[in-house]
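Participant: Show me the folded form of this:
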Amino acid sequence: MLVLVGIAFLAGLITALSPCVLPVLPLLLAGSAASESRWRPFAITAGLVVSFTTFTLAGAALLSALGLPEDLLRTLAIVLLFVLATSLLFERVARVLERPFLFLTRRPIARESSGFVVGVSAGLVMVPCAGPVLAAVAALAASGQVTWRVVLVTVAYSVGHAIPLLALAIGSQRLTSGMQVVRTHAHVLRQGAGIVVGLTAVAIALNVPERLATAVPGYTQSFQERIERSSSAQRELARLSGVTAVPGEASVGTAPEIRGIDTWANTTGGKPLALAGLRGRVVLLDFWTYSCINCLRTLPHLEAWDRAYRAAGLTIVGVHSPEFAFERVPDNVRAAVKRLDVRYPVALDNDFATWRAYSNQYWPAEYLIDRNGRLRFHHFGEGTYEDTEQRIRALLGETVKTPPTSVEGEAPTELTTPESYLGYERLARFANGRVAPDVEWAYGFPKGALSKDALAYAGRWKVERERIVAGRGARVRLQFQAKDVFLVLGGKGRVRVLVDGRAMRTVAVSGPPRLYTLARFPHYRQGLLELAFSPGIAGYAFTFG
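Facilitator: Just a heads-up that it's a prediction; the model follows:
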C-alpha cells in the first residue's frame with residue numbers, strides 16, 4: 001500500500017507541473033498576492049486539497065442521490081469566484097461576507113477564510129491530466145467502492161498536486177509583498193487581484209483555459225507514463241481496484257468475471273453468461289461501442305473468428321460499454337447488433353462494471369482467456385489481428401482443423417484527423433472560439449482558411465453536451481485528412497456533403513443515431529469538408545479511416 005501511496009504522490013506532483021494546471025494558476029497567484037498574511041497561501045492550498053479530495057470521492061454520488069445536474073459543482077465554483085472577486089474589489093462586501101465567521105475569533109478572518117474559498121473553488125474547477133491513478137480512483141468512486149485505501153491514495157495524489165502550487169503561492173506573495181510600490185498601494189493590489197479572479201471565472205465559464213491547456217504540448221507525459229504505467233504501479237492499482245489479474249500479462253490469475261450486466265443480446269432468451277460457465281472454452285472479450293469506427297473496423301475479424309473457431313471451442317463475448325447516452329438504450333444496441341450481423345453474445349455494460357473490473361481504458365480492447373479461465377493476452381485498439389488469431393489457435397490446440405482466416409484490413413496507415421466530437425463537453429479544435437451551451441444560437445464561419453483538423457459551425461445550432469442539433473441554415477466545415485469520413489447522426493432529414501466546394505452526395509438520415517459514411521476516396525487526401533443539415537438532425541462525432 002505504501003508503494004501505491006508513493007506513486008500517487010509522485011503522480012500528483014508531476015500533474016501539478018503539467019499544462020493542466022493552467023486554469024488554476026491565476027487564482028492561486030492573484031489570491032495569494034491579495035493579502036500579506038503568511039497563512040493565506042496555506043489556506044488556499046488546504047481548500048484545494050479538501051475540495052478536490054472530497055468531490056473526487058463523493059461528488060458524483062452526492063449529486064446523483066440528490067438528482068442534481070452533473071455540472072452543478074463547476075457552476076457553484078464559478079459563482080464562488082465571482083463572489084470572491086466582488087469582495088476583493090469592494091471592501092464593504094468583504095466585511096459583510098466575514099460577519100458569519102466573527103464568532104470564531106476576535107479578529108477579522110476574511111483573509112484566511114476567503115483564501116480557503118479560493119482553494120475550494122480551484123479544486124472544483126481543476127481538471128488534472130488524469131493518468132491511471134486518478135482514473136482508477138474515479139472509477140471506484142463512481143461505483144461506490146470508496147475504502148480507506150482509496151481515500152488514502154486520493155489524499156496522497158491531492159497533496160502531491162498541492163505542494164508545487166503551495167510553493168508558487170508563497171513565491172507570488174513574497175514577490176509582491178517585497179515591493180515598496182505594492183506595500184504603499186495594497187488597496188490597488190487587492191482590487192487588481194479581484195479583477196484577475198473575476199476574469200478567470202469568466203474564462204473558466206467559457207472554457208478558455210481548457211483550450212489553452214490542450215494547445216500546450218504535454219511536456220510531462222513521458223514522466224507520467226514511467227511512473228503510473230510501470231509494472232509495479234499497474235499491480236498496485238489492480239489490487240486497489242480488486243482486479244485479480246493485470247491485463248497484458250500472461251497467466252496472471254483468474255480473469256475477472258463479467259459483472260453488472262442487466263441486458264444481453266444474442267443469448268437464448270436473453271439469459272446471462274458467466275465466465276465460470278464457459279470453463280473448457282477459450283473466451284475472447286471484446287470491449288466496444290457501436291458508433292466507434294475503430295470498433296467497427298475490428299468487427300469483421302471478430303466475426304470471421306467466430307465463424308471459424310466457434311465449433312472448435314472459441315466463445316467471443318462483446319462487452320458493449322457506451323460512449324454516448326444514446327448507446328445506453330438497449331433497443332439501439334440490439335438494432336446495431338442486428339445491422340452489423342454480430343452473432344456472438346453481447347453484454348450491455350451500461351454501468352461500466354465489467355470495464356472497471358478489467359481496468360480497461362480503450363475502445364476497442366481485446367482480452368483473451370484460456371480454457372481454465374486465466375487471462376493470457378490483451379490488445380488495445382486496432383491491428384495485430386494475425387498475432388491475436390495465432391494465440392487463439394494456440395489456446396484451442398489440436399481441435400483447430402480450419403486454416404487461418406483472411407480478412408482485408410481497413411485500418412488507416414496514414415496520419416488521419418483525430419476523432420472529432422461536436423458537443424461542448426469534448427469539443428476541440430473549434431475555430432468559432434466559443435459556443436452558447438444548450439440554447440439555439442446563430443454561428444458564422446470564421447474568415448480565412450481553417451487550420452489543419454479544425455472545424456467550425458454556421459447557421460443556427462443548439463450545441464448540447466454530447467451533440468449538436470441543427471436549426472435553420474445549419475452547416476459544418478471541417479479541414480480533414482483521411483481516406484474515409486464518417487459521422488454519427490440521428491433524427492430524420494438530409495445532409496448535403498461538399499468537399500472543396502464540390503457536391504459529393506446527399507445522405508438520408510433516419511432512425512436512432514448511428515454511424516453514416518459521408519465520403520470515401522480512392523486514396524488518402526486532405527481537403528475542406530462542408531455539410532449542410534436539414535433542421536432537427538443531430539450530429540455527435542466525426543471519425544476517419
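Participant: What is the helix ranked longest in the chain packed up against?
Facilitator: Taking DSSP state H as the criterion, the chain has its longest helix at helix 148-177. Where contact means 3 or more Cβ pairs under 8 Å, 6 or more residues apart in numbering; DSSP states H and E, helix 148-177 is packed against helix 2-15, helix 25-33, helix 40-66, helix 132-142, helix 231-241. (C-beta placed from N, C-alpha, C; glycine too.)
Participant: Go again with 10 Å.
Facilitator: Where contact means 3 or more Cβ pairs under 10 Å, 6 or more residues apart in numbering; DSSP states H and E, helix 148-177 is packed against helix 2-15, helix 25-33, helix 40-66, helix 110-125, helix 132-142, helix 180-184, helix 186-205, helix 231-241.
Participant: how about it: buried residues?
Facilitator: By neighbour count with 16 or more other Cβ atoms under 10 Å, helix 148-177 contains the buried residues 150, 152-162, 164-166, 168-170, 172-173, 176-177.
Participant: mean confidence score for it?
Facilitator: What helix 148-177 shows for mean pLDDT is 77.
Participant: can you check stretch 273-289 too?
Facilitator: Here stretch 273-289 scores 89 as its mean pLDDT.
Participant: how far does that stretch stretch from start to finish?
Facilitator: In stretch 273-289, first residue to last residue: 19 Å (Cα to Cα, to the nearest Å).
Participant: Stretch 441-449 too?
Facilitator: First residue to last in stretch 441-449 (Cα to Cα) measures 23 Å.
Participant: Tell me the buried residues in it?
Facilitator: Under 16+ other Cβ under 10 Å, the buried positions of stretch 441-449 are Y443, F445.
Participant: likewise stretch 507-523?
Facilitator: V507, V509, P513, R514, L515, Y516, L518, A519.
Participant: quick revisit: would you single out the least confident of the helices and strands packed on helix 148-177?
Facilitator: helix 180-184 (a mean of 51).
Participant: which residues of the stretch 401-545 of the chain fall in strands?
Facilitator: Remark: strands assigned in the stretch 401-545 of the chain by DSSP state E, counting those that start in this stretch are 420-421, 440-443, 455-463, 468-470, 475-490, 493-499, 502-509, 514-533, 538-544.
Participant: which helices and strands does the third one pack with?
Facilitator: The reference is to strand 455-463. Looks like strand 455-463 contacts strand 440-443, strand 468-470, strand 475-490, strand 514-533, strand 538-544 (3+ Cβ pairs under 10 Å, 6+ apart).
Participant: just the angle between the longest helix of the chain and helix 2-15, please?
Facilitator: 30 degrees (axes from the mean of the first three to the mean of the last three Cα atoms, to 10 degrees).
Participant: thinking again about what came up before, could you dump the strands of the stretch 401-545 of the chain to CSV with distance to R376 and mean pLDDT?
Facilitator: Formatted as CSV, those follow (distance: least, Cβ to Cβ, whole Å; pLDDT from 0 to 100):
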stretch, distance to R376, mean pLDDT
strand 420-421, 35, 85
strand 440-443, 51, 92
strand 455-463, 42, 93
strand 468-470, 43, 92
strand 475-490, 33, 89
strand 493-499, 44, 92
strand 502-509, 43, 90
strand 514-533, 32, 88
strand 538-544, 30, 86
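Participant: Out of these, flag the one nearest V317.
Facilitator: strand 514-533 (22.2 Å; Cβ to Cβ).
Participant: Report the backbone C-alpha coordinates of the closest one in PDB.
Facilitator: Output in PDB follows, covering the C-alpha atoms of strand 514-533 (Å, rounded to 0.1, in the frame of the first residue of the first chain):
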ATOM      1  CA  ARG A 514     -25.700   5.600 -35.900                       C
ATOM      2  CA  LEU A 515     -22.600   5.900 -37.900                       C
ATOM      3  CA  TYR A 516     -23.100   7.200 -41.500                       C
ATOM      4  CA  THR A 517     -20.500   7.200 -44.300                       C
ATOM      5  CA  LEU A 518     -20.100  10.800 -45.700                       C
ATOM      6  CA  ALA A 519     -17.200  10.300 -48.100                       C
ATOM      7  CA  ARG A 520     -14.800   7.600 -49.400                       C
ATOM      8  CA  PHE A 521     -11.900   8.400 -51.600                       C
ATOM      9  CA  PRO A 522      -9.600   6.100 -53.700                       C
ATOM     10  CA  HIS A 523      -6.600   7.500 -51.900                       C
ATOM     11  CA  TYR A 524      -5.700   9.400 -48.700                       C
ATOM     12  CA  ARG A 525      -6.300  13.100 -49.200                       C
ATOM     13  CA  GLN A 526      -6.600  16.500 -47.500                       C
ATOM     14  CA  GLY A 527      -9.500  18.800 -48.100                       C
ATOM     15  CA  LEU A 528     -12.300  21.000 -46.700                       C
ATOM     16  CA  LEU A 529     -15.500  19.200 -45.900                       C
ATOM     17  CA  GLU A 530     -18.700  21.200 -45.700                       C
ATOM     18  CA  LEU A 531     -22.100  19.700 -44.600                       C
ATOM     19  CA  ALA A 532     -25.500  21.300 -44.900                       C
ATOM     20  CA  PHE A 533     -28.100  19.900 -42.500                       C
END
